[in-house]
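Novice: Sequence and computational prediction follow.
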Amino acid sequence: MNIKIEKIYIPKFIKTNSFMHHGGYMLNIVKDLKEANCITHSGKFHADEIMATVILNKIMPVNLLRVSEVPKTISPDVIVFDIGGGKFDHHQKNKNGYRKNGLPYASAGLIWKEFGIRIIKKIAPNNQELNYQAIFQNIDQKLIQGIDAIDNGVPISINFSCMHISKIISDFNPSWEDTTTVEEQFKKAFKMCKEIFDNCIKRAISKEKSRILVENFIEKSSNRILILDYFLPWNDHLLDSKNPKAQNILYCIFPSDREGYIVQSICASNNSLDVRKRFPKDWWGLNRKDLPYRTNIKTALFCHPKGFIAGTQTLDDAIKMAHLAINA
């Protein structure tokens, strides 16, 4: 059962003024709860908790424990984010608030809202000429909001100014007050770009290798449900497939790398956040505490607040969930 953290206590060493250089502290991924001062979810990681970890790492040495469920008993000093339904989670119905522009927070935004000003003052201390709030809003708008929007399933539009790779690389150029040379910064940008490029090539090749396997799964599909024996890139292949079955599939089921099985709605088109059919609205935002009673599915784990993805502990229940959603 997910534990709702009503209040997050800030560790004593965060409250002191003796900060290290603004480059940050060490990040350690730990396996033992006793060693952890931060907890987030296990399985596939996303930009919001990665950025949240980066932000926390600016003010404290992060000993991060990644779990499928928040332990029932944890120290009040431990910061829990992107899981557990607490102060720094956004998966509950109210999403822990919205910005004035209507954009909901994800864990990156929630952590930034809590610690951003403190970090800015650490980097530029005792400077009365600076508007710290303006700097905070600038970072939130240009970097954090795009991450939060995508993680919450909000379509990116001109209403949200998002950081993108071109801007990231551009910002490696020396500013007017830097003492580094363009050549030095070029090498730094090259190193980061090489990592991104190599990852893109690796993933593109891997994705293409999965195409024929997805086609085989599509051919085996029935009752408008695609069932994968293991996870592999499938969404784009399904949408591109010429198999008539592919046009009618509404849900895909595959093993979760966190717990049990995922039941996911099929996107309406490539690169679209809209889907062919969402789960019944009275399921949205429910977790393993309430969802089994609402669905009569014993091992139901969760349904996303936007109603496009859900989970169960068993394959049979995942299939049952998909059938219920199709017939709703």
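Specialist: Cool, got the structure.
Novice: Can you tell me what sits against stretch 167-185?
Specialist: Under the contact criterion Cβ atoms under 8 Å, 6 or more residues apart in numbering, stretch 167-185 has outside partners Lys142, Phe186, Lys188, Ala189, Met192, Cys193. C-beta coordinates here come from the backbone N, C-alpha and C atoms, glycine included.
Novice: tell me how far the ends of that stretch are from each other?
Specialist: Length of stretch 167-185, first residue to last, Cα to Cα, to the nearest Å: 14 Å.
Novice: Which positions in it come out as buried?
Specialist: Residues of stretch 167-185 classed as buried by neighbour count (16 or more other Cβ atoms under 10 Å): Phe172, Gln185.
Novice: and the most centrally placed residue in the chain, what does it touch?
Specialist: With distances taken as Cα atoms, centre = their mean, the chain has His46 as the residue nearest its mean C-alpha position (3.7 Å). Counting by Cβ under 8 Å, 6+ apart, His46 makes contact with Asp82, Asp151.
Novice: same thing with Asp32?
Specialist: Contact analysis of Asp32 by Cβ under 8 Å, 6+ apart lists Leu65.
Novice: Show me where the stretch 201-328 of the chain has its strands.
Specialist: Ranges of strands within the stretch 201-328 of the chain are 225-227, 251-255, 261-265, 300-303, 309-312, based on DSSP state E, counting those that start in this stretch.
Novice: pull the helix or strand with minimum mean pLDDT from this protein.
Specialist: Every helix and strand in the chain was compared by mean pLDDT, DSSP states H and E; the lowest is helix 12-15, with a mean of 38.
Novice: just checking, next helix/strand downstream of that one?
Specialist: Following helix 12-15 in sequence order, the next helix or strand is strand 27-30 (DSSP states H and E).
Novice: and that following strand, which strands flank it?
Specialist: Sheet pairing for strand 27-30, assigned by DSSP bridges, gives strand 62-67 (parallel).
Novice: I figured Glu35 hits Val62, correct?
Specialist: No: applying Cβ atoms under 8 Å as the test, Glu35 and Val62 come out as separate, 11.4 Å apart.
Novice: Name the residue in those two with the higher neighbour count.
Specialist: Per other Cβ atoms under 10 Å, whichever of Glu35 and Val62 has more neighbours is Val62, with 23 against 11.
Novice: mean confidence score for stretch 292-303?
Specialist: Averaging pLDDT along stretch 292-303 gives 96.
Novice: That one: which residues count as buried?
Specialist: Buried positions in stretch 292-303, judged by neighbour count with 16+ other Cβ under 10 Å: Pro292, Thr295, Ile297, Thr299, Ala300, Leu301, Phe302, Cys303.
Novice: Same question for stretch 320-328.
Specialist: For stretch 320-328, the neighbour count (16+ other Cβ under 10 Å) marks Lys320, Met321, Ala322, Leu324, Ala325 as buried.
Novice: got those residues as CSV, with distance to Ala204 and pLDDT columns?
Specialist: As requested, the buried residues of stretch 320-328 are exported to CSV (distance: Cβ to Cβ, whole Å; pLDDT from 0 to 100):
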residue, distance to Ala204, pLDDT
Lys320, 36, 98
Met321, 32, 98
Ala322, 30, 98
Leu324, 36, 97
Ala325, 32, 97
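Novice: any idea which of these is closest to Phe197?
Specialist: Distance to Phe197, by Cβ to Cβ, is smallest for Ala322 among these, at 37.8 Å.
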